[in-house]
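Enquirer: Sequence first, then the predicted structure:
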Amino acid sequence: MDVSAIYAKIQSQLDKQLPFVVYRKSGEEEVNCFLQNDDQLYEMNSYETSGFVFAPFDSENKTIIIPTNISSCYRAVMRSESKVENYHYDQSFSVEDDHKAKKDHLKLVQNGIKAINDGFFKKVVLSRKEEVSFPKEDYLEVFQKLIDSYADAFVYYWFHPAVGIWLGATPETLVTIREDQFFTMALAGTQTYESSLEVDWGEKEIEEQAMVTDFVLNELSSKVNSIEKSNTYTYRAGTLLHLRTDIKGFLKNKDSNVEDIIKVLHPTPAVCGLPKKTAKSFILQNESYDRKYYTGFLGELHMNKNEKTESNLYVNLRCMEMSFGKANIYVGGGITKDSISEKEWEETVRKTETMKKVLH
């Protein structure tokens, strides 16, 4: 099956108001999709289920799955002629003229810094939602633009009639598990890509990234047989750069509880903070909106590939919720004692700009 045939099936699924997800993994040339055969909302009751999972930031809320056993699954290799023209954008940005949004976010960040200085936590990730007009409703075109713009991201288009439409291009893996081997990453710090990966990072970004790395290593060590990390390096995600450390190892056995690993990692310090419990409590009490599935996770769970079980889960970053002629873009940044509220605001603006460019 070619990509155009998959896109036709997705449009038919949307016309019938039936759930689906279509996605392309980082660095791959294949598009995959799950087309659910009914319109039921299936909640995750067991992490032994096979399917495509869509989980919220707050684990107290519903985690949804499109189960493999009631879905039709397709895959197609993308050919060069099936792609739309690559998109090249002006990297510059200007701070949007939205004084209330800026004032509210600056106050939120300042409250976060105060809480850090008062000893409540070492780091907290604070976010906001920006509403953008998008009357076209051609979401497959947006999905294709995301594919062409973000070669090194997990790009997806997800729909359920009871929840809505989400699209995204996330640079961050939550965890990959193949039999008894696992891989994850620690990702933090942001600056604009300007033609080179050879950039200088500030003390704030280096410290923030080290916090994330140490947390993952410490928390996973008791759950696995062995664990090791790479050197930290600069990683490009579209128009942005991040600091990244790769972490891998072996589970105690291939039947180790995937749910235990997910509970350790989600939400990661890169989207929540440290210590995680107090940072999450601060977020839920102080952010003036519901994150929903932003900074949750999504991806393949217990898929059978070449007679081996594999799970590929991603943190839901660089994402948009689409509805009624608009796109809600979700963005945030890590706050530490060295954060400067004005710079944190500007970082969120850079992140919204990267998503706006695929909408217009």
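Expert: Good, I have the coordinates. In this text, all values refer to a predicted model and were calculated from it rather than measured experimentally. Residues are numbered from 1 along each chain as shown.

Enquirer: At the geometric centre of the protein, which residue do we find?
Expert: Of all residues in the chain, the one closest to the mean position by CA atoms, centre = their mean is N316, 2.2 Å from it.

Enquirer: Where do the strands of the stretch 251-360 of the chain begin and end?
Expert: With strands called from DSSP state E, counting those that start in this stretch, the stretch 251-360 of the chain shows them at 273-274, 297-305, 308-315, 319-323, 326-335.

Enquirer: mind listing what the third one pairs with, with the direction of each?
Expert: According to DSSP bridges, the neighbouring strands of strand 308-315, each with its direction, are strand 173-178 (antiparallel), strand 297-305 (antiparallel).

Enquirer: What's the mean pLDDT across the helix or strand harbouring N225?
Expert: Counting by DSSP states H and E, the element that carries N225 is strand 224-229. With pLDDT averaged residue by residue, strand 224-229 scores 93.

Enquirer: Counting neighbours, show which residues of that strand come out buried.
Expert: Within strand 224-229, the residues that qualify as buried are 224, 227, 229, counting by 16 or more other CB atoms under 10 Å. (C-beta placed from N, C-alpha, C; glycine too.)

Enquirer: still on that earlier bit, as a markdown table, the strands of the stretch 251-360 of the chain with distance to K263 and mean pLDDT would be great.
Expert: Shown next, in a markdown table, are the strands of the stretch 251-360 of the chain (distance: least, CB to CB, whole Å; pLDDT from 0 to 100):
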| stretch | distance to K263 | mean pLDDT |
| --- | --- | --- |
| strand 273-274 | 16 | 93 |
| strand 297-305 | 11 | 94 |
| strand 308-315 | 12 | 93 |
| strand 319-323 | 22 | 95 |
| strand 326-335 | 21 | 95 |
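
Enquirer: Can you give me the neighbour number for the residue nearest to M1 when sequence neighbours are not counted?
Expert: Taking CB to CB, 6 or more residues apart in numbering, and ignoring the residues beside it in sequence, M1 has A76 as its nearest neighbour in space, at 5.1 Å. With neighbours defined by other CB atoms under 10 Å, the count for A76 comes to 19.

Enquirer: I'd assumed A8 was in contact with A76.
Expert: No - taking contact to mean CB atoms under 8 Å, the distance of 11.3 Å between A76 and A8 leaves them out of contact.

Enquirer: low-scoring stretches of the stretch 201-350 of the chain, by residue?
Expert: Low-confidence regions of the stretch 201-350 of the chain, defined by pLDDT under 70, are absent; no residue qualifies.

Enquirer: can you give me the helices for it?
Expert: Using DSSP state H, counting those that start in this stretch, the helices found in the stretch 201-350 of the chain span residues 203-221, 258-265, 276-286, 341-356.
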